[in-house]
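> Mind folding the following:
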Amino acid sequence: MDHPAISGPKRHLEFRLLYQLRMPANIGVTNRKSFAIFGNYNLTPVMTTPSTKTELFKILGVGFGIAVTIGGTIGTGILRKPGPIAAQLGEPWLIMTLWSVVSLYAFLGTLCTIELGTSVPKAGAWYVYAQRAFGNYAGFVVGINSWLGTCSALGFGVYTMSEYLALLIPQLTGYEPYVAASILLVLSGIHWLGLALASTFQNVMSVLKGVGLLSFVTICYVYGQEISPEQMQLTTSRIIEGGSWIAPVVFSLQAIFYTYDGWHTAAYFTEEDRDPSKNLPKSMIGGVLLIIIIYLLCNLAILYVLPMNELSQSKLAAADAIRLIFGEGSGKIVTLFLMISILGIVNAQLLFNPRVLYSMSRDGLFLKGGTRVNKGGTPALAMPVTAVVAIALILVGKEACEKLSDIATFFFVLGYTSGFASLLALRKNEPALPRPWKVPAYPILPIVMLIISIAFLVIAVIQDLPSSQYALLFLVISYPLYLLVRRLNN
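Next up, the predicted model:
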């Protein structure tokens, strides 16, 4: 209501314009209302402190998207998993076939995720799509599983990095948990300074990682000696011993899936991309193709120089390949590269995982303060909470992180499954939703990907019942937890 002394349409318009010109753009909702009242009275308002910023910065582009995809995917898996996979399968052609199959899965999954990311360009990836397509409870289950699984992977990754650091500096032996917690605190400090610094750090780590792995491939083929056909054969394997292909193949697929997890990382940052409809397809396709090339070349290089019997017993195949070529003195170089590789994936996880909590908080499915963003564009509460949980897992013990990492594989594939289901549901329920990118071969491709993902989950439950029991138990208790969170936010 206008003041009687200054009433009238013309006078009212003057004061509304004056109010609009004077009011700061970033003022909060409460202050905006107060300002409107004072503006209508043409009084000089007493300015209160603006409310905390809750919007993420739109400063990212294609380069970061590719870097975070590579950094969020390539870790120690490609260096550690070839040995256990060889022990299970024992045949080079079967090893390369499974790596190729999962590579194709990741590429086709990328095509599906691009449609989701460009049509719903919000932070949080799988959580956002599930919540939009199936409602708050489905979103809560997918989001909290995604976040907790990544927290465990984050803690396990930093702990592993501290173990490698202790190999270079023996005085640190016995203090690995504290070293790991310190590394995570330093990384958290970098992230607190802002998205610009954290993303630049990610770009550098990803370039070093990519160059390092391609250099490894080159070294193997230039300086390594090709093994004979006889050395390519494994005298014994799980397939030979058990007479069944199912368990060894499922084990190997789980290992490769874990290694590939992260191919969707760029989708977490669509809300911070300057132009997601144009940049996300380039980021995700470019990133996943580079990962596929690197992974396949690394496996071929390892199979080129390491006899199968040695490979099957190797805990760190890439390091053993380098030692075979250059001798024991090369171990420290490999260890240093391992640390860089882990640092890159840990930094990416600390970047994208808080975005899940941020987005959940915005929908009333986590802490009320979870939407706060600091001056640098970092989620002010979600990032520290993520770091604290990861540090707690580190201090509890490596075994806790490792066990949760095993369970996380189930949750990761559950995330993929929810994504493909969300794509189909949104096409049906929201046909008018703008879709700058549409997945090719719809609906066949997302249906096939959904069936494959569900089949993998079922087989994983059967083959790895101990880990799957924990995952299924969490799904059971998720509903009461969801009701509790909703009550706290009301």
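> ok, and for stretch 366-386, which residues are buried?
Buried residues in stretch 366-386, counted by 16 or more other CB atoms under 10 Å: 366-367, 370-374, 377-383, 385-386. For the C-beta atoms, the positions are set from N, CA and C on the backbone; glycine is no exception.
> Kindly report the same for stretch 342-354.
Buried residues in stretch 342-354 (16+ other CB under 10 Å): 342-354.
> and it, how far out from the chain's middle?
7 Å (CA atoms, centre = their mean, to the nearest Å).
> How about stretch 259-274?
With CA atoms, centre = their mean as the basis, stretch 259-274 stands 7 Å off its chain's centre.
> Around residue 469, count how many other residues there are.
Number of residues near residue 469 (other CB atoms under 10 Å) recorded here: 12.
> cool, and residue 214?
The burial count for residue 214: 16, using other CB under 10 Å.
> Nearest spatial neighbour of it, chain-adjacent residues omitted?
For residue 214, ignoring the flanking residues on the chain, the nearest one in space by CB to CB, 6 or more residues apart in numbering is residue 294 at 6.8 Å.
> and the gap between the closest residue in space to residue 77 that isn't next to it in sequence and residue 457?
In space, and not counting its chain neighbours, residue 77 is closest to residue 259: 3.2 Å by CB to CB, 6+ apart. Counting by CB to CB, to the nearest Å, the gap from residue 259 to residue 457 is 18 Å.
> Residue 303 too?
30 Å.
> between those two, which one's more packed in?
residue 303 (23 against 17).
> all helices for the stretch 101-250 of the chain, in order.
126-134, 136-168, 176-193, 195-223, 238-242, 246-260 (DSSP state H, counting those that start in this stretch).
> tell me the most buried of the ones you listed?
Among the helices of the stretch 101-250 of the chain, helix 126-134 has the highest mean neighbour count (mean count of other CB atoms under 10 Å), at a mean of 26.
> hmm, back to that, tell me the one of the buried residues of stretch 366-386 nearest residue 77?
Residue 77 has its nearest neighbour among these in residue 386, at 21.3 Å by CB to CB.
> correct me, but the closest one touches residue 352?
No. With contact defined as CB atoms under 8 Å, residue 386 does not reach residue 352; the gap is 9.9 Å.
> just to revisit the earlier point, looking at the buried residues of stretch 366-386, which one is closest to residue 279?
Ranked by distance to residue 279 (CB to CB), those are led by residue 377 at 17.2 Å.
> Could you tell me whether the closest one really is in a strand?
No. According to DSSP: H, G, I helix; E, B strand; the rest coil, the state of residue 377 is coil, so it is not within a strand.
> what bits of this protein have low per-residue confidence?
Within the chain, the stretches with pLDDT under 70 are 1-52, 235-243, 398-406, 467.
> hmm, try it at 80
Scanning the chain for pLDDT under 80 picks out the ranges 1-52, 76, 230-231, 233-244, 328-332, 334-335, 397-411, 460-472, 474-475, 490.
> quick one: the strands in it?
Using DSSP state E, no strands are found in the chain.
> if I pick the closest residue to residue 332 other than its chain neighbours, what's in contact with it?
Spatial nearest neighbour of residue 332, excluding adjacent residues (CB to CB, 6+ apart): residue 168 at 6.4 Å. By CB atoms under 8 Å, 6 or more residues apart in numbering, the contact set of residue 168 is 332, 335-336.
> number of nearby residues for residue 55?
By other CB under 10 Å, 11 other residues sit near residue 55.
> Please verify my assumption that it contacts residue 374.
No. Between residue 55 and residue 374 no contact is recorded; they are 11.7 Å apart, counting by CB under 8 Å.
> count of residues packed around the closest residue to residue 213 other than its chain neighbours?
Excluding the flanking residues, the one nearest residue 213 by CB to CB, 6+ apart is residue 294, at 5.1 Å. Per other CB under 10 Å, the neighbour tally for residue 294 reads 21.
> which ones are touching residue 294?
Per CB under 8 Å, 6+ apart, neighbours of residue 294: 74, 78, 210, 213-214.
> now, which of those residues sits nearest residue 420?
Taking the contacts of residue 294 together and measuring to residue 420 by CB to CB, the closest member is residue 74, at 23.6 Å.
> Could you pull up the residues touching the closest one?
Residues counted as contacts of residue 74 (CB under 8 Å, 6+ apart) are 209-210, 213, 262, 291, 294-295, 341, 344-345.
> Now distance to residue 315 too, for the residues you listed, in JSON lines please.
JSON lines is the format used below for the contacts of residue 74 (distance: CB to CB, whole Å):
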{"residue": "209", "distance to residue 315": "20"}
{"residue": "210", "distance to residue 315": "24"}
{"residue": "213", "distance to residue 315": "18"}
{"residue": "262", "distance to residue 315": "22"}
{"residue": "291", "distance to residue 315": "23"}
{"residue": "294", "distance to residue 315": "21"}
{"residue": "295", "distance to residue 315": "19"}
{"residue": "341", "distance to residue 315": "16"}
{"residue": "344", "distance to residue 315": "21"}
{"residue": "345", "distance to residue 315": "19"}
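> Looking at the residues you listed, which are in helices?
If you go by DSSP state H, the contacts of residue 74 have 209-210, 213, 291, 294-295, 341, 344-345 in helices.
> Can you name the two of those residues that sit furthest apart?
Using CB to CB, the pair of the ones in helices among the contacts of residue 74 lying farthest apart is 295 and 344, separated by 15.1 Å.
> you'd agree residue 271 is up against residue 120?
No. Counting by CB under 8 Å, residue 271 stays clear of residue 120, with 9.8 Å between them.
> Between these two, tell me which one has more neighbours.
Legend: neighbour count by other CB under 10 Å for residue 271 and residue 120, higher for residue 120 (24 against 21).
> hang on, the more buried one packs against residue 132?
Yes. With contact taken as CB under 8 Å, residue 120 and residue 132 are classed as touching, separated by 5.6 Å.
> Between these two, which contacts overlap?
By CB under 8 Å, 6+ apart, residue 120 and residue 132 have these common neighbours: residue 426.
> what's near enough to touch residue 178?
Per CB under 8 Å, 6+ apart, neighbours of residue 178: none.
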